[in-house]
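S.K.: sequence and predicted model, in that order:
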Protein chains: 2
Amino acid sequence: MIKPTRSRRRAPRARTSPPAPSDADTESRILDAAHAVFMRHGTAGARMQEIAREAGVNQALLHYYFRSKKGLADAVFRRAVLTVIPPVIQLLGSDTPLPDKVARAVHLYLDNLSRAPILPGYLLAELNHHPERAQQLFRAMTGLDRNEFAPRVLSRLRAQIAEQVRAGTMRATRAEDLVITIASLCLFPFAARPMLTAILGMDDDEFTRLIKRRRSDLPDFILRGFRP
Amino acid sequence: MIKPTRSRRRAPRARTSPPAPSDADTESRILDAAHAVFMRHGTAGARMQEIAREAGVNQALLHYYFRSKKGLADAVFRRAVLTVIPPVIQLLGSDTPLPDKVARAVHLYLDNLSRAPILPGYLLAELNHHPERAQQLFRAMTGLDRNEFAPRVLSRLRAQIAEQVRAGTMRATRAEDLVITIASLCLFPFAARPMLTAILGMDDDEFTRLIKRRRSDLPDFILRGFRP
DNA sequence: GTCTATATTGTGATAGAC
DNA sequence: GTCTATCACAATATAGAC
């Protein structure tokens, strides 16, 4: 496929003040609508027409601002990545003592996701269906194609784990395992929400209560699990 | 949309012996190809043409056997559900002592999924993008629209948990939390594999080793986590 | 049952008026 | 910047020969 190098879109006018959320400028309204639609249906299932309707504009404007469906999808993906991942990375790489770190990570995840419950499902689906998203994930976070922060965060965690092991409060554990365990326990219930509510016969209220319960139970559960 | 009630397809000829996997009969070859393509791209992203090519037949045959893309997608979904869920349900509802049950569930999940690693990602995406799949999930497993086995399995687990609590080997825990915890720890790494390998900088071999490690670590981790 | 050819939509994208 | 109208093509689905 030959891709004509056109960049038709004018540079967005400089804004002097942030737009009001309810009557935001057109570009944000489109991005918000796209966000909602892409979350629900995934990139392949999303329809430009539905986004336009939800943004209250016509379909041509979507192309005026974002040039193509791919452009819009990339913008949404980027925004989604920046919402979930950096705060946790930042926390995990910090100097917070390990037990606090675990508790804070759980709270950070669960509180953020309670406000954006379908975000994990969207991200997982996106990465499974479009392998190239893995690269975009780095570019979104660091501007680089390759992974800079993983070594830093992991070595920080390794040092902290070693400390706990010496203190006798934890058994030898790989940093990767710790990270994956926390992520699994926090993210999975949201990603699998439709399956879980169906199989376990829960309604929305019960799901919310379940998350609240896990918010207070998980930190302790995790720390106990890793004790010697 | 008016749906003409046609059932053009002949009943599949009775088979006297199971077909050889490599040169299976056409219907299975199509279903296998569809399975692979739907897993990779999701229902919305899958293309009938790609399925036909991968099955080594032309596109018209897909419609001859499955009538529509939706028909094919439903067949694949049904098959996927039957692969992952019933074995675990069956195990969790059984009389196996609880600690063994946990270990066996972990092994069952991880061993099955190591052979079909993208199945969890496909199922989660499918349920997130197509809410009606929740009903199909029941019909696939029980033939019923409503959830019959959840009460049975959950009450069995509740009884076993109460037993452990009396014995002082476990603290009071909801059966739902136990199930979700096990499912999270086992399914998430597969569903999030592209994200995890990217962020943690793992290759395929390292991922396999990680799963192997967790296969032996997780049962103990879970039981410790729930201890008083 | 399996094929080729074709009909019929669906959907992303563009042209051009205002 | 925003709209209406339309294009071009991709993708599902069907007809009909063999």
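M.R.: That came through fine.

S.K.: DNA strand C contacts on chain A?
M.R.: A:Arg6, A:Ala46, A:Arg47, A:Met48, A:Gln49, A:Gln59, A:Ala60, A:His63, A:Arg67, A:Ser68, A:Lys69, A:Lys70 (Cβ under 7 Å from any atom of the strand). Every C-beta, even on glycine, is put in place using the N, C-alpha and C of the backbone.

S.K.: may I ask which helix or strand of chain A has the lowest mean pLDDT?
M.R.: In chain A, the helix or strand scored least confidently by mean pLDDT, DSSP states H and E is helix A:133-142, which has a mean of 90.

S.K.: elements contacting that one?
M.R.: helix A:69-92, helix A:119-129, helix B:193-200 (3 or more Cβ pairs under 8 Å, 6 or more residues apart in numbering or on different chains; DSSP states H and E).

S.K.: quick one: which of the residues of chain A next to DNA strand C sit in helices?
M.R.: Under the assignment DSSP state H, the residues of chain A next to DNA strand C contribute A:Met48, A:Gln49, A:Gln59, A:Ala60, A:His63, A:Lys69, A:Lys70 to helices.

S.K.: with respect to B:Asp203, which of those is nearest?
M.R.: Ranked by distance to B:Asp203 (Cβ to Cβ), those are led by A:Lys70 at 28.1 Å.

S.K.: count the neighbours of the closest one for me.
M.R.: By other Cβ atoms under 10 Å in any protein chain shown, 10 other residues sit near A:Lys70.

S.K.: tell me how far the spatially most central residue of chain A lies from A:Cys186.
M.R.: Nearest to the geometric centre of chain A sits A:Val84, at 3.2 Å (Cα atoms, centre = their mean). As judged by Cβ to Cβ, to the nearest Å, A:Val84 and A:Cys186 stand 10 Å apart.

S.K.: identify the contacts common to those two.
M.R.: A:Leu113 (Cβ atoms under 8 Å, 6 or more residues apart in numbering or on different chains).

S.K.: rewinding a little: can you flag the buried ones in the ones in helices among the residues of chain A next to DNA strand C?
M.R.: A:Met48, A:His63, A:Lys69 (16 or more other Cβ atoms under 10 Å in any protein chain shown).

S.K.: measure the last one to A:Thr181 for me?
M.R.: Just to be clear, that refers to A:Lys69. 37 Å.

S.K.: re earlier: check which residues of the least confident helix or strand of chain A are buried.
M.R.: A:Arg133, A:Gln136, A:Leu137, A:Phe138, A:Ala140, A:Met141.

S.K.: still on that earlier bit, what is the nearest of the buried ones among the ones in helices among the residues of chain A next to DNA strand C to DNA strand D?
M.R.: A:His63 (8.2 Å; Cβ to the nearest atom of the strand).

S.K.: which SS class is A:Pro189?
M.R.: Secondary structure assignment for A:Pro189 (DSSP: H, G, I helix; E, B strand; the rest coil): helix.

S.K.: in what helix or strand does the residue nearest to it when sequence neighbours are not counted lie?
M.R.: Once flanking residues are discounted, A:Pro189 sits nearest to B:Ile180: 5.9 Å by Cβ to Cβ, 6 or more residues apart in numbering or on different chains. For B:Ile180, the enclosing helix or strand under DSSP states H and E is helix B:175-191.

S.K.: for that helix, packing partners?
M.R.: Using 3+ Cβ pairs under 8 Å, 6+ apart, helix B:175-191 sits against helix A:175-191, helix A:193-200, helix A:204-226, helix B:98-115, helix B:119-129, helix B:149-167, helix B:204-226.

S.K.: deepest of these, which one?
M.R.: helix B:119-129 (a mean of 25; mean count of other Cβ atoms under 10 Å in any protein chain shown).

S.K.: does chain A sit close to that one?
M.R.: Yes - interface with chain A: helix B:119-129 contributes B:Gly121, B:Tyr122, B:Leu123, B:Leu124, B:Ala125, B:Leu127, B:Asn128, B:His129 (Cβ under 8 Å from any Cβ of the partner chain).

S.K.: helices or strands up against that helix?
M.R.: helix A:26-45, helix A:119-129, helix A:193-200, helix B:26-45, helix B:69-92, helix B:133-142, helix B:175-191.

S.K.: which residues touch it?
M.R.: Contacts for helix B:119-129 (Cβ under 8 Å, 6+ apart): A:40-42, A:45, A:118, A:121-122, A:124-125, A:128-129, A:191-195, A:198, B:38-39, B:42-44, B:77, B:80-81, B:83-84, B:113, B:133-134, B:137, B:187-188, B:190-193.

S.K.: returning to what we had before: nearest to DNA strand D among the residues of helix B:119-129 next to chain A?
M.R.: B:His129 (15.1 Å).

S.K.: check the gap between the closest one and DNA strand C for me.
M.R.: 13 Å (Cβ to the nearest atom of the strand, to the nearest Å).

S.K.: can you check A:Leu196 too?
M.R.: 29 Å.

S.K.: that residue touches A:Pro189, doesn't it?
M.R.: Yes - with contact defined as Cβ atoms under 8 Å, A:Leu196 counts as touching A:Pro189 (6.5 Å).

S.K.: now do the shared contacts for these two.
M.R.: A:Phe207, B:Ile180.

S.K.: lowest mean pLDDT across the helices and strands packed on helix B:119-129, which one is that?
M.R.: Among the helices and strands packed on helix B:119-129, helix B:133-142 carries the lowest mean pLDDT, at a mean of 90.

S.K.: now what about it, what contacts it?
M.R.: A:194-195, A:197-199, B:74, B:77-78, B:81-82, B:85-86, B:89, B:126-127, B:144-149.
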